[in-house]
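Q: after the sequence you'll find the predicted model.
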Amino acid sequence: MDYPFEHESCFRQVFRTFVCVVLSLLLGLQVYSYFLDPQEALEGDFTDIKYMVMQLTRGLSEVNRKHESLQGEMERISEALPAVAAAAGRAKDALEPSRRSVRHPLDVYDYDRQMADYALETAGARVVDTGETLEHIVYESPVSWVLHMISSILCRECPGASTIIRPGNLPGECWAFRGSRGEATIRLLGTVHVHGLSLEHIPAHISATGEISSAPRLFQLEGLEFRGDPYPHDFGTFEYDKNGKPIQYYEVLQSSSKGFNLVRLKVYSNWGHTVYTCVYRVRVHGELISDQARSTAQVNDDDLRIENE
């Protein structure tokens, strides 16, 4: 970009050249008149030359003053440009909030407002079974340990497992089970065509130890016809990235045309913790099947079974 003071510098060079040419012409005329009439030349023309030189000097001084003023204005504008650009960016974000939502479609704080969760306890879902999983609890007395073991054997459900279907993501608000393998069967709020699931864990920077080796790594989701179904539908095995976002979405690898009321989460490993594994939140996503659609699907299945017989 050409700046005005660059044009001013060119003008000064042209102006100086013009002054030199005029002075040369005047000097030539003075020499010529000196030879024709030396006395008159000495008395008259030197006064005119002195006057013109003074005028030219004043003109150059004015040009220099304007040049310095213009340069100062350009420096002030250059200093103000970063602040103007930042203000323009803030105004643009304020006027276009939709662009921010498109750029960050899975915002951690608004995740539950973007995708329906059919495993949410406050909507009617329940954890009904945890298999042979043993909950990791720091017991205050032997009596509390015995009571916990009895309840686990009779109910086959860890009392803290319901944490994985409740809102809340603060450090410690998780289901901790012993070792690196565990499972939880969740009764959804209805029959659902499962399309995907989300697994949540806290990020390392808010962990008290500064690391999240207790986060699950490899896990599997299954669809069950009934509790204890020996032939569940395998939706796929997935891996949680401990260096990724706190909430990670996984689309099912083997979809099913059938809806399920029960799903089972199986954790096979964690990121290195030798004592326990923590699961903070599990979400199940898909489409809820209405009663009419479910009865129609049941009739079609019965007809197909009759034809096969």
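A: Now that the structure is in, tell me what you want to look at.
Q: can you map out the helices along this protein?
A: Listed from the start of the chain, the chain has helices (DSSP state H) covering 4-36, 38-95, 97-103, 142-155, 291-308.
Q: least reliable of those going by mean pLDDT?
A: Per-stretch averages of pLDDT across the helices of the chain put helix 97-103 at the bottom, with a mean of 40.
Q: neighbours around Glu173, how many?
A: Glu173 has 14 neighbours, counted by other C-beta atoms under 10 Å. Quick note: C-beta positions are derived from backbone N, CA and C, even for glycine.
Q: ignore what I typed, I meant Thr17.
A: For Thr17, the tally of surrounding residues (other C-beta under 10 Å) stands at 10.
Q: separation between Phe219 and Leu265?
A: With distances defined as C-beta to C-beta, to the nearest Å, the gap from Phe219 to Leu265 amounts to 6 Å.
Q: same question, Gly272
A: From Gly272 across to Leu265, the span is 20 Å (C-beta to C-beta).
Q: contacts only, for Glu173.
A: Glu173 makes contact with Thr163, Tyr280 under the criterion C-beta atoms under 8 Å, 6 or more residues apart in numbering.
Q: that one and Pro167, how far apart?
A: Computed as C-beta to C-beta, the Glu173 to Pro167 distance reads 9 Å.
Q: for Asp117, give me its contacts.
A: By C-beta under 8 Å, 6+ apart, the contact list for Asp117 reads Ala123, Ser198, Arg283, Val284, His285.
Q: list the residues that contact the first one.
A: Going back to what we said before, that points to Ala123. Ala123 makes contact with Asp117, Leu189 under the criterion C-beta under 8 Å, 6+ apart.
Q: so Asn270 bridges to which residues?
A: Following DSSP bridges, Asn270 is listed with bridge partners Pro216.
Q: what about it, neighbour count?
A: Asn270 sits with 26 neighbouring residues when counted by other C-beta under 10 Å.
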